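S.K.: Show me the folded form of this:
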Amino acid sequence: MDYVNYRDIMGKVQRISAGDVIYVVSDMFRLAKCALEHGERFSPDEFIDTILEKVGDTGTVLIPTFNWDFCQGTTFEYWNSPSQSGALGNTALRRKDFIRTRHPIYSFAVWGRDAKKLFNMNNKNSFGKGSVFDYMHEVDAKGLIIDLSCLAGMTYMHHIEQIVGVPYRYSKNFSAKYVDHERNETIKSFSMYVRDLDLDPKHLGDFDVLSEVMEKLNISQTQYFNDIPFRTLILRETEAIIRADILYNDSRNMYKYNGQWEGKLDE
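M.R.: Numbering: from 1, shown residues only. As a prediction, the model looks like this:
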């Protein structure tokens, strides 16, 4: 297999075009390792540049910079709290052309046409109406999933769970100190649609069944570069699949939990 320079990969990725809104979920380890094995030093900044070039000035890029320490009562500092959801997010936070959204748990580093709109969101809930995930639905965003399975790390699923309603999650408020972008410190409260631990919900990791269905329906499309999967996912079209699993299959392809229906659907 011929080596593809990491700077050239995005130019070959299909189904992402100028003007698109892209939610990037990634594991950069193998991409960096492969570059090193071919005599290159991987630059996450240069890789991000290739994503921005792909969507152009009319596009928008969202990279997760989630940090769950606020849920433990730790102060969220807009300028200093790091991303706990991947190295690419921390790279984006250091860049002057990205701006961070303001939710202390589920923030994003955002760039492009809708960056200011996303920064100005003042939602208290994490996944529901008025959230960044709700925005993704409204604008028909696409997911770019690098070296992960189709739905692994795809937090957008929780938006669908909250909109539909699932028995193994409920809304819970968290309060802690919050230092905003102007360095003002206050006590703030935000909510998250959390797992109900009494039901002991355990997610199914790679969500193999749902991922396979989405590949067959072309909702998800996978290309391999240097044996590394790059997946594009049409987020709004995932909703029918996940909604059906919640409503008609008791979420059995996503979670296992106490009291869950144990029957089988007719084939």
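S.K.: drop to CA atoms for contacts and neighbour counts, all remaining ones
M.R.: OK.
S.K.: now the stretch 151-267 of the chain, which segments are flagged as low pLDDT?
M.R.: Confidence mapping of the stretch 151-267 of the chain against pLDDT under 70 gives the ranges 262-267.
S.K.: make it 50
M.R.: Along the stretch 151-267 of the chain, the parts satisfying pLDDT under 50 run over 264-267.
S.K.: Help me confirm that residue 175 is found in a strand?
M.R.: Yes. Under DSSP: H, G, I helix; E, B strand; the rest coil, residue 175 falls within a strand.
S.K.: So what's the residue count around it?
M.R.: Look at residue 175: counted by other Cα atoms under 10 Å, it has 16 neighbours.
S.K.: and it, bridged to which residues?
M.R.: Beta-bridge partners for residue 175, by DSSP bridges, are residue 189.
S.K.: residue contacts, residue 11?
M.R.: Neighbouring residues of residue 11 by Cα atoms under 8 Å, 6 or more residues apart in numbering: 50, 54.
S.K.: can you pull out the helices in the chain?
M.R.: 6-12, 29-37, 44-55, 87-94, 115-119, 132-139, 156-164, 208-216, 235-249 (DSSP state H).
S.K.: quick one: contacts for the closest residue to residue 228 other than its chain neighbours?
M.R.: Leaving aside its chain neighbours, residue 228 sits nearest to residue 147 (5.7 Å; criterion: Cα to Cα, 6 or more residues apart in numbering). Residue 147 sits next to 26, 27, 28, 30, 228, 229, 230 when contact means Cα under 8 Å, 6+ apart.
S.K.: Could you check how far the nearest residue to residue 245 once chain neighbours are set aside is from residue 157?
M.R.: Counting by Cα to Cα, 6+ apart, residue 245 lies nearest to residue 251, which is 5.0 Å off, once chain neighbours are set aside. Residue 251 is 12 Å from residue 157, where distance means Cα to Cα, to the nearest Å.
S.K.: quick one, which of the two is more surrounded?
M.R.: In this view residue 251 and residue 157 are compared by other Cα under 10 Å, and residue 251 has more residues nearby, 22 against 19.
S.K.: what about stretch 97-108, distance to the chain center?
M.R.: Stretch 97-108 has its average C-alpha position 12 Å from the chain's average C-alpha position, going by Cα atoms, centre = their mean, to the nearest Å.
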